[in-house]
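Trainee: need a structure here:
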Amino acid sequence: MLCQTDTLIVGAGPYGLSLAAHLGAAGVDFVIIGRPMDAWVNHMPEGMLLKSDGFASNLYDPEDSFTLSAFCRERGISYHDRQVPVALKTFVDYGLSFARRYAPELKNALVVSLRRTAGGFAAATDDGDTVIARRVVLAPGVGTFRYTPSLLSGHDKALVSHSYDHHALSGFNGRRVAVIGAGASAIDLAGLLADHGCEAHLICRADRLKFGGKPGTHRRTLWRRLRHPDSGLGPGWRSRLSTDLPLLFHALPASMRLPIVRRHLGPAAGWPMKEKVERRVEVMTGHRLLGALAYGDRVRLFLDSPEGKALSPTFDHVVAATGYRVDVRRLSFIDEALRNEIACVALTPVLSGRFESSVKGLYFIGPAAANSFGPMLRFAFGAGFASGRVEGALRARARARVAPAAQDAPANFAG
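Mentor: Coordinates of the predicted model:
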């Protein structure tokens, strides 16, 4: 089946869905393709609580009318901007409801190839359809960019996996599992494994685990609000500047931008996870991974302890909760010739102030845009800013819808 459109959105997570809401309201002709909220539905552990506060966990329509707060009020779900952690299930249900409301014709499929055409781009999907579009906005999720250290690579997934590979955790009941990492995904997974009767061990190089501070029930003093202003990324001036001045960040030279993105908001978990980990998970801080050896149905890890002592514990399974690294080369569905045209810095696309890459008509939003617009783009909170900027650019450029290539070509895909 062939479809022609002005704009194609690839990806149906918070960024892709928020942009769809903006384009629909602006009257821009578009098609959106992706698995709705896939990372959240299938690749985050059951029972997880979001690290972000409720007010920072929205998807974004132009009127800000369908917020997480509004959704919870409609459904009778307990909600508070800061004091009530957002459950993964609540966020998933909200995101899927947002998709039904603002992207009802979303095509639930994957784009398997993207190439240039004379008038723009052609995308093929895994179910055999083709979309011809003048412009394409790529909103790839983090799963494409998951990172596993070389010391843990190459093993059978039954023994060594990435945290992105796990949603249901019941299969780990009674097993001895090592989780490698010190960030939110590592801490969350270790705590939730303990909930499932797993003997969980958390191993990391960091000398201690970090957790967000539990919000108080009283309004903070003016002095504390001035010293540590609130933001969608948490309290502090660096976070506040990141959320309020992304265009100023964009104007900085790459030599300044890249270190800020790399260092700001380092590994830390949300405050509710502290009690799930303390005295329930064997935490091994300050331990350096030297190697891993699989034998039979077990994995032996080789570690260097803080005291310099060599350790070699064995586990039934090892999970690399080692994060994500954006790399345009990992977007294998993009035709190689087209991918080679994309100007990059540190393997991430160089973007204009409207999120357009060096390839005219090709845009990137989400984590792939963080090195251009700052740490905010690593989080769902950045979807509002990105959607507004890209919608403005596309609305200004939009012309009459491309005429169908054949008499029986559909005007759009049915959801």
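Trainee: quick check: residue 387 is in a helix.
Mentor: Yes: judged by DSSP: H, G, I helix; E, B strand; the rest coil, residue 387 forms part of a helix.
Trainee: just give me how far the helix or strand of the chain with the lowest mean pLDDT sits from the chain centre.
Mentor: Least confident helix or strand of the chain, by mean pLDDT, DSSP states H and E, is helix 222-227 with a mean of 81. Put simply, helix 222-227 sits 31 Å off its chain's centre (Cα atoms, centre = their mean, to the nearest Å).
Trainee: contact partners of the helix or strand that it is followed by?
Mentor: Moving toward the C-terminus from helix 222-227, the next helix or strand (DSSP states H and E) is helix 237-244. Contact with helix 237-244 is made by 228-233, 248-249, 264-265, 374-376, 381, as judged by Cβ atoms under 8 Å, 6 or more residues apart in numbering. The way it works is simple: take the backbone N, C-alpha and C, and place the C-beta from them, glycine included.
Trainee: average pLDDT across helix 237-244?
Mentor: Average pLDDT, helix 237-244: 94.
Trainee: just stretch 291-298 next, same as before
Mentor: Average pLDDT, stretch 291-298: 94.
Trainee: not counting its own residues, what contacts that stretch?
Mentor: Here stretch 291-298 makes contact (Cβ under 8 Å, 6+ apart) with 151-152, 155-156, 158-160, 299-302, 314-316, 318.
Trainee: go with 7 Å
Mentor: 151-152, 155-156, 159-160, 299-302, 314-316, 318 (Cβ atoms under 7 Å, 6 or more residues apart in numbering).
Trainee: quick one: low-confidence ranges for this structure?
Mentor: 217, 399-415 (pLDDT under 70).
Trainee: which ones are touching the spatially most central residue of it?
Mentor: The centroid of the chain falls nearest to residue 142 when counting by Cα atoms, centre = their mean (4.5 Å). Contacts for residue 142 (Cβ under 7 Å, 6+ apart) come out as 39, 324, 367.
Trainee: one more: residue 128?
Mentor: Contacts for residue 128 (Cβ under 7 Å, 6+ apart) come out as none.
Trainee: repeat for residue 69
Mentor: By Cβ under 7 Å, 6+ apart, the contact set of residue 69 is 54, 79.
Trainee: so residue 81 touches residue 56, yeah?
Mentor: No: if you go by Cβ atoms under 7 Å, residue 81 and residue 56 don't touch, sitting 8.7 Å apart.
Trainee: with neighbour numbers in mind, choose between the two.
Mentor: residue 56 (22 against 14; other Cβ atoms under 10 Å).
Trainee: for the closest residue to that one other than its chain neighbours, what are its contacts?
Mentor: Once flanking residues are discounted, residue 56 sits nearest to residue 232: 3.9 Å by Cβ to Cβ, 6 or more residues apart in numbering. Shown in contact with residue 232 (Cβ under 7 Å, 6+ apart): 56, 243, 381.
Trainee: now the last one: how far from residue 243?
Mentor: So the one you mean is residue 381. Using Cβ to Cβ, to the nearest Å, residue 381 is found at 7 Å from residue 243.
Trainee: repeat for residue 338
Mentor: To residue 243, residue 338 is 32 Å away according to Cβ to Cβ.
Trainee: do residue 369 as well
Mentor: Separation of residue 369 from residue 243 (Cβ to Cβ): 14 Å.
Trainee: those two: who's more crowded?
Mentor: A direct count of neighbours by other Cβ under 10 Å for residue 369 and residue 243 places residue 369 higher, at 30 against 22.
Trainee: mind checking what secondary structure that one has?
Mentor: Per three-state DSSP, the secondary structure class of residue 369 is helix.
Trainee: that one against residue 352, yeah?
Mentor: No: Residue 369 lies out of contact with residue 352 (Cβ under 7 Å); the separation is 10.7 Å.
Trainee: show me the domain layout of this protein.
Mentor: Domain assignment of the chain by automatic domain parsing yields the ranges 2-145+325-397, 150-211+268-320.
Trainee: just give me how far the last one sits from the chain centre.
Mentor: If I follow you right, that is domain 150-211+268-320. Per Cα atoms, centre = their mean, the displacement of domain 150-211+268-320 from the mean C-alpha position of its chain is 21 Å.
Trainee: what's the first-to-last distance across that domain?
Mentor: Start and end residues of domain 150-211+268-320 are separated by 11 Å (Cα to Cα, to the nearest Å).
Trainee: give the residues shared as contacts by residue 381 and residue 243.
Mentor: If you check residue 381 and residue 243 against Cβ under 7 Å, 6+ apart, the residues they both contact are 232, 233.
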